[in-house]
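Chemist: Have a look; sequence and predicted model below, questions after that.
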Amino acid sequence: MTVKTTTHILGYPRIGSQRELKFAQEKYWRGEISQAELKEVGSLLRHRHWGEQSGAGLDVVTVGDFAWYDHVLGTSMLLGHLPKRHRSSFPDLDTLFRVARGKAPTGCACAASDMTKWFNTNYHYIVPEFSADDEFTVSWPQLFEEIAEAKKAGHKVKPVLLGPISYLWLGKEKEADFDRLSLLPRLLAAYQQILNKLATLGVEWVQIDEPSLALELPKEWADAFNIAYQVLHGAPKLLLTAYFDNITHQLDTITKLKVDGLHVDISAAPEQLDEVVGRLPEHWVLSAGVVNGRNVWRADLSALLECLKPVKAKLGERLWLASSCSLLHSPMDLDLETDVDPEVRQWLAFAKQKCRELTLLAQAIDGNEIAIEECAHYSAPIKARATSSLVNNEQVRQRSATITDALAERKQPYEERAREQRQSLGLPLLPTTTIGSFPQTNEIRTQRRDFKAGRLNEQDYIAAMKGHIGDAIERQNKLDLDVLVHGEAERNDMVEYFAELLEGFAVTRFGWVQSYGSRCVKPAVIVSDIYRSAPMTVAWTQYAQSLTDKPVKGMLTGPVTILGWTFPREDLSREAIANQIALALRDEVADLQNKGIKIIQIDEPAIREGMPIKASQWQAYLDWAVKAFKISAASAEPQTQIHTHMCYSEFNDMIESVAALDADVITIETSRSDMELLKAFEAFDYPNEIGPGVYDIHSPNIPTVEQIIELVEKAEAQIPAQRLWINPDCGLKTRSWEETEAALTNMVEAAKTLREQY
Ligand code: GLN
Ligand code: ZN
């Protein structure tokens with residue numbers, strides 16, 4: 001008799017299949033619903049999501065994964081550990097919103113905390129702020145209330161907590177000469193209290209997330225695990241989880257910890273399974289994260305069954321099956337996607353379906369004959385996908401095989417290109433431009449939506465968009481900008497636009513994933529080999545150029561960003577996918593150029609965030625990412641000027657690779673850092689041209705001429721004026737025309753004033 005295999009997930013998406021949480025939050029922030037009504041929506045979603053987990057047959061439901069904005073901020077609330085400026089009263093829901101957003105319906109406004117990316121995902125968390133005198137007092141009862149709520153509904157619960165070391169690791173010091181790790185003893189006392197309380201609530205297992213274990217931690221941080229889990233050991237039992245990458249480099253530390261089980265990510269790092277099983281301490285549970293929590297593909301259950309059989313034989317009831325990481329990073333429910341091509345649809349599984357995959361697999365591992373057969377049946381389409389003609393395109397493969405280093409190089413070095421471009425473009429010193437998008441008015445959004453829904457015919461749609469392009473060109477001419485853009489009215493999103501036009505992508509209707517707070521993104525899915533069947537941007541750009549004598553900048557999204565902001569296929573390396581996209585973009589660059597477009601911008605804001613979890617792998621990633629960008633750009637003749645835009649990025653540890661992009665001009669977000677970001681470029685002697693953003697487009701404030709001049713002067717102290725451009729921080733699609741014109745008027749005036757001085 002085999003003993004039953006336990007199944008669970010590390011967390012469920014919280015936003016709701018119709019983004020109910022987002023809409024309720026935003027209504028609450030606008031004062032349209034009460035806090036009680038907002039809380040009601042939260043409770044409704046939690047019940048629904050627990051119901052979906054237990055309905056799928058999971059042995060426990062996960063509690064504590066729900067968050068009103070972000071789970072790291074939720075942990076700060078639980079620990080009563082909030083930024084000093086937000087500590088005036090006992091923390092409540094509005095305190096949480098104030099920390100996250102700087103404001104809430106009640107209480108005074110105070111600067112929000114920083115937000116940053118959650119490991120290598122597109123989720124963003126609120127960064128905890130640490131000072132030497134910080135105290136931790138278990139405060140916000142949300143977790144305990146949710147446990148009671150789930151139990152009352154009849155569920156067997158497994159709460160999840162962000163572990164103490166990762167909580168400290170993810171935060172930052174607010175004071176000099178202070179090491180946040182020194183707060184560990186105080187923090188552990190609070191965790192002890194939380195665990196005691198959970199024990200009194202009858203909790204048997206706690207999932208304690210320590211995702212920092214997958215990083216290459218400094219020694220003192222890795223050592224801290226030992227102390228921490230010495231202290232936290234006891235009731236309830238602890239399932240220590242790590243995910244997103246291999247953790248075998250930490251196994252010496254991990255296997256000595258006083259915990260009761262370990263979860264590892266077998267989807268991101270299948271190669272670690274044998275070693276982890278081999279070294280698993282006696283009595284520990286192994287939670288094998290076999291169903292990918294952060295992609296949309298149906299699991300190959302038959303293959304998993306074969307690979308897990310020996311593990312089951314060895315571990316018996318100590319084997320648990322789980323999602324690789326929290327399903328937070330996966331869309332919610334494939335059942336809603338009625339428009340996706342049926343062949344593609346049977347290759348996919350979203351959060352709800354992934355729960356079912358786990359229970360089916362567990363039954364099969366436990367020897368249930370029907371389940372074994374069902375696994376084979378379920379996996380047949382994803383197996384068949386490997387040879388599907390829909391996926392594999394011989395021409396794309398052949399062309400990819402012709403990629404050489406030379407293909408990625410422009411015909412002349414920057415110095416010579418710059419000379420030719422100066423001649424052909426005739427731009428003034430400190431040329432002014434914008435980053436691409438102009439205000440997306442309600443009218444524009446409605447027209448796009450109507451066109452998609454078939455309420456507006458193609459001819460009328462094209463006429464409407466041309467109207468917006470004409471309007472944008474006229475306004476830019478009036479503003480006297482030097483390099484114009486068409487304004488991107490036809491694009492809902494800089495990646496989805498290309499995903500819809502390129503072959504090889506599927507676009508979902510409800511595949512939303514939380515990015516931060518109430519903001520969700522709907523990544524497209526890379527289903528098959530990618531190619532371009534027709535020009536994608538040429539007609540719009542050409543039309544814009546026909547309306548003006550000034551150069552209009554063509555606008556493309558780069559290969560690394562398109563890859564980074566979609567769900568990639570898993571049967572091809574990220575490098576190979578990026579190269580396919582790069583080749584398609586390369587043809588678009590050539591077409592734009594042939595139609596008289598002299599400047600082409602290839603946006604790559606996602607290069608930085610695509611960095612692997614382990615620092616030792618960064619360079620290999622950067623090398624192929626840079627090459628993919630260069631492949632797309634290198635069809636440009638020397639006199640065609642290639643721009644790139646990278647938003648806000650940490651440039652210090654990748655400046656060499658940024659320079660290696662060899663873009664003629666790079667624009668970046670620098671205004672909020674007061675041009676600090678340029679230091680990396682200065683120190684590296686960055687050779688090409690730079691447009692450091694001179695005002696913050698995230699703020700409705702209009703920058704004055706003086707403020708802009710001051711920033712440009714700071715930039716000029718670091719980069720010679722001959723290589724500087726004047727532009728905003730990023731695209732202007734979220735601003736109004738009124739704000740945009742006022743800000744750009746001042747920007748152009750600042751540039752003109754400065755030209756006289758230099
Ligand atoms: N060209 C895009 C725009 O202006 C760039 C957006 C971005 O960098 N995220 O909107
Ligand atoms: Zn940007």
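Modeler: All right, it came through fine. Quick caveat: nothing in here was measured; it's all calculated off a predicted structure. Numbering: from 1, shown residues only. Ligands and ions are numbered 1, 2, ... in the order given.

Chemist: hey, let's count contacts and neighbours off CA atoms from now on
Modeler: OK.

Chemist: Near ligand 1, which residues of the stretch 651-758 of the chain are found?
Modeler: 730-731, 733 (CA under 6 Å from any ligand atom).

Chemist: packing partners for whichever helix or strand Thr446 is part of?
Modeler: Taking DSSP states H and E as the criterion, Thr446 maps to helix 442-452. The contact analysis (3 or more CA pairs under 8 Å, 6 or more residues apart in numbering; DSSP states H and E) places helix 442-452 against helix 458-479.

Chemist: What angle do helix 442-452 and the helix it packs on make with each other?
Modeler: Counting by axes from the mean of the first three to the mean of the last three CA atoms, to 10 degrees, helix 458-479 lies at 160 degrees to helix 442-452.

Chemist: quick one: what helix or strand has Met555 in it?
Modeler: Counting by DSSP H and E, Met555 is part of strand 552-557.

Chemist: one step back: may I see the residues of the stretch 651-758 of the chain next to ligand 1 organised as CSV, with pLDDT, neighbour count and distance to Arg417 added?
Modeler: Listed next are those as CSV, based on pLDDT from 0 to 100; neighbours: other CA atoms under 10 Å; distance: CA to CA, whole Å:
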residue, pLDDT, neighbour count, distance to Arg417
Cys730, 97, 24, 26
Gly731, 97, 20, 27
Lys733, 96, 20, 32
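
Chemist: which residues does whatever residue of the stretch 651-758 of the chain ends up closest to ligand 2 contact?
Modeler: When scored by CA to the ion, the stretch 651-758 of the chain has Cys730 as its residue closest to ligand 2, at 3.9 Å. Neighbouring residues of Cys730 by CA atoms under 8 Å, 6 or more residues apart in numbering: 434-435, 647, 668-669, 693, 696-697.

Chemist: could you check the distance from it over to Leu744?
Modeler: 13 Å (CA to CA, to the nearest Å).

Chemist: what do you get for Asp529?
Modeler: Taking CA to CA, one finds Asp529 at 42 Å from Leu744.

Chemist: Compare neighbour counts for those two and give me the winner.
Modeler: Leu744 (25 against 22; other CA atoms under 10 Å).

Chemist: Whichever strand or helix holds the more buried one - contacts with which helices or strands?
Modeler: Using DSSP H and E, Leu744 sits within helix 737-757. Judged by 3+ CA pairs under 8 Å, 6+ apart, helix 737-757 is in contact with helix 458-479, helix 705-716.

Chemist: Report the inter-axis angle for it versus helix 458-479.
Modeler: Using the same axes, to 10 degrees: helix 737-757 against helix 458-479 is 40 degrees.

Chemist: picking up where we left off before, look at the residue of the stretch 651-758 of the chain closest to ligand 2 and give its secondary structure.
Modeler: coil (DSSP: H, G, I helix; E, B strand; the rest coil).

Chemist: Would you mind measuring from it to Leu232?
Modeler: 46 Å.

Chemist: Select from the contacts of Cys730 every entry located in strands.
Modeler: Ile668 (DSSP state E).

Chemist: tell me which strands and helices the helix or strand containing Ile165 is in contact with?
Modeler: Element membership for Ile165 (DSSP H and E) is helix 164-170. On a contact count with 3+ CA pairs under 8 Å, 6+ apart, helix 164-170 meets helix 184-200, helix 219-232.

Chemist: hmm, which helix or strand of the chain has the shakiest average pLDDT?
Modeler: Taking mean pLDDT, DSSP states H and E as the measure, the chain has strand 115-117 as its least confident helix or strand, at a mean of 91.

Chemist: and it, which residues are buried?
Modeler: For strand 115-117, burial by neighbour count (16 or more other CA atoms under 10 Å) applies to 115, 117.

Chemist: Mind listing residues that contact it?
Modeler: 123-127, 609.

Chemist: Give me the next element, helix or strand, following it.
Modeler: Trace forward from strand 115-117 with DSSP H and E and the next one is strand 124-126.

Chemist: Please enumerate residues in contact with that next one?
Modeler: Contacts of strand 124-126 (CA under 8 Å, 6+ apart): 70-73, 100, 113-118, 515-516.

Chemist: List the contacts of the residue in the chain that ligand 1 sits nearest to.
Modeler: Taking CA to the nearest ligand atom, ligand 1 has its nearest neighbour within the chain at Gly731, 3.1 Å off. The contact partners of Gly731, by CA under 8 Å, 6+ apart, come to 434-438, 697.

Chemist: what's the spacing between the residue in the chain that ligand 2 sits nearest to and Pro185?
Modeler: Taking CA to the ion, ligand 2 has its nearest neighbour within the chain at Cys647, 3.5 Å off. For Cys647, the distance to Pro185 (CA to CA) stands at 39 Å.

Chemist: which ones are touching the most centrally placed residue in the chain?
Modeler: Taking CA atoms, centre = their mean as the criterion, Asn122 is the residue nearest the geometric centre of the chain, at 1.4 Å. Shown in contact with Asn122 (CA under 8 Å, 6+ apart): 515, 565.
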